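> coordinates only, no sequence provided:
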């Protein structure tokens, strides 16, 4: 049987990963192949930033709010915010649950050195559509399970409400999810049908099974 990494070399079809296969690939990358978490996070965050820059140009979608969770998905969002700054965007970061590890401390220091604003949940406007052009959903990734806890449950609900509101106005902020829309089941997707509906999904390594079950405007 082919390993998850070997199966990705099939150019004839898109490979979708289960939660276990995605975890096994990470273990292989950081084990026998010798990649560090820092390297993988830097590559992931850069990929997210490049994907955004490819579709949503900074002249029109300049104000980016990166909502970052406490794990690797959140770290990817922190890295993406830094690269977006260098690409000419005006990023803001909401990072309510800071991870007390050297890697994450370094990512925060790098953002602070660029004077990128950090906003608490209380600092965020009630209506995110008026202050931001791109909302980067980097809260939860493949390791998440269960029900989101505060303050992420409220943040997820704010993103959900954007697509439930009247979108007949000429411009509306776009939602970009990193790897998996936060709150979705990695394999079964939006089980309740009431989850985040991103405009762009940036899959890391390969799409997860949940990507089969919904339609987005753009995928990477």
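Done, it's in. For clarity, every value in this text was computed on a predicted model and none was experimentally measured.
> following the worst-scoring helix or strand of the chain on mean pLDDT in sequence, what is the next regular element?
None of the helices or strands of the chain scores lower by mean pLDDT, DSSP states H and E than helix 4-7, at a mean of 47. As assigned by DSSP states H and E, the chain's next helix or strand after helix 4-7 is helix 19-30.
> what packs against that following helix?
Judged by 3 or more Cβ pairs under 8 Å, 6 or more residues apart in numbering; DSSP states H and E, the packing partners of helix 19-30 are helix 4-7, helix 37-55. C-beta: built from backbone N, CA, C; applies to glycine.
> how big is the angle separating the longest one from helix 19-30?
On the basis of axes from the mean of the first three to the mean of the last three Cα atoms, to 10 degrees, helix 37-55 is oriented at 110 degrees to helix 19-30.
> mean confidence for stretch 100-118?
When pLDDT is averaged along stretch 100-118, the result is 97.
> got the buried residues for it?
Across stretch 100-118, burial judged by 16 or more other Cβ atoms under 10 Å covers 104, 107, 108, 111, 116, 118.
> the fourth one reaches residue 117, doesn't it?
What that stands for is residue 111. No. Between residue 111 and residue 117 there is no contact, the gap being 9.1 Å when judged by Cβ atoms under 8 Å.
> overlap of the contact sets of these two?
Shared contacts of residue 111 and residue 117 (Cβ atoms under 8 Å, 6 or more residues apart in numbering): residue 93.
> which residues in this structure form helices?
4-7, 19-30, 37-55, 72-86, 102-113, 152-164 (DSSP state H).
> spell out for me which residue occupies the centre of the protein.
Nearest to the mean C-alpha position of the chain, by Cα atoms, centre = their mean, lies residue 178 at 2.3 Å.
> next up, the contacts around it.
For residue 178, the contact set (Cβ under 8 Å, 6+ apart) comprises 44, 48, 73, 76, 77, 80, 136, 137, 138, 141, 202, 204.
> now those residues in TSV, with distance to residue 125?
Converted to TSV, those look like this (distance: Cβ to Cβ, whole Å):
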residue	distance to residue 125
44	28
48	23
73	24
76	24
77	19
80	21
136	16
137	17
138	19
141	26
202	25
204	30
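> now these as a markdown table including pLDDT, neighbour count and distance to residue 124?
Converted to a markdown table, the contacts of residue 178 look like this (pLDDT from 0 to 100; neighbours: other Cβ atoms under 10 Å; distance: Cβ to Cβ, whole Å):
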| residue | pLDDT | neighbour count | distance to residue 124 |
| --- | --- | --- | --- |
| 44 | 97 | 24 | 24 |
| 48 | 98 | 28 | 21 |
| 73 | 97 | 25 | 19 |
| 76 | 98 | 31 | 20 |
| 77 | 98 | 28 | 15 |
| 80 | 98 | 32 | 18 |
| 136 | 98 | 31 | 13 |
| 137 | 98 | 29 | 14 |
| 138 | 98 | 32 | 15 |
| 141 | 90 | 23 | 22 |
| 202 | 96 | 25 | 22 |
| 204 | 93 | 26 | 26 |
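> perfect, that will be all.
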